[in-house]
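In: take a look and give me a structure for this.
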Amino acid sequence: MKLCIPTEDEAGLAGRISAHFGSARWFTLVDSETGATRSVSNREQAHKPGTCDAAASIADLQVEAVVASGLGRRALQSLNQAGIPVYVTQSPTVGEAVEEFKMEVLMPLRGEQACSGGRGLGSHHRHGH
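Out: Numbers count the residues shown, from 1 in each chain. Sure thing, here's the model as predicted:
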C-alpha cells in the first residue's frame with residue numbers, strides 16, 4: 001500500500017515524522033510492501049491554520065493512506081472525502097510508523113481527535129508550537 005507520511009526531512013525510513021500534516025516540510029511516500037521511499041516537498045506547508053486542503057496537496061501522488069501524528073479537522077475531512085484513510089502514530093520515525101502500519105496496530109483518526117485551529121490532538125499528538 002502506498003502511504004504518505006508528513007516528515008521534517010528527506011531521510012526516507014529514518015525520516016522524522018512532522019508534528020502536523022499540513023505544515024510538514026516533506027511528504028515521505030512509502031510502499032509498505034517493498035519499503036521503497038520517495039520524498040516530495042509540501043507546497044502548502046505555510047498555510048494558515050484551518051485552511052489546509054490535504055487531499056488537494058497530495059492528489060497527484062496516488063496515496064492510499066496517510067500515517068501522521070496529527071492533522072486538522074479540515075484536512076481529515078478532505079482526505080476522508082477523497083477516500084484516503086488517516087492513521088495515527090506516536091512513532092518518531094517513518095520506519096517505525098510503517099512497521100506499526102504493517103502490524104495493524106495503528107488506529108484510524110476520528111473527527112473528534114483532529115486538531116482545531118492548530119491546537120493539540122490530545123494524547124495522540126505532539127505539536128511543535
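In: give the bridge partners for the residue nearest the centre of the chain, please.
Out: With distances taken as CA atoms, centre = their mean, A68 lies nearest the centre of the chain, 3.3 Å away. In this structure, A68 has beta-bridge partners V88, where bridges are defined by DSSP bridges.
In: next, the buried residues of the helix or strand bottoming out on mean pLDDT in the chain.
Out: The least trusted helix or strand in the chain, going by mean pLDDT, DSSP states H and E, turns out to be helix 54-58, with a mean of 80. Along helix 54-58, the positions that meet the burial threshold by neighbour count (16 or more other CB atoms under 10 Å) are A54, A55, S57, I58. All C-beta spots, glycine's among them, are computed from the backbone N, C-alpha and C.
In: now those in JSON lines, with distance to S23?
Out: Below are the buried residues of helix 54-58 laid out as JSON lines (distance: CB to CB, whole Å):
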{"residue": "A54", "distance to S23": "11"}
{"residue": "A55", "distance to S23": "16"}
{"residue": "S57", "distance to S23": "11"}
{"residue": "I58", "distance to S23": "14"}
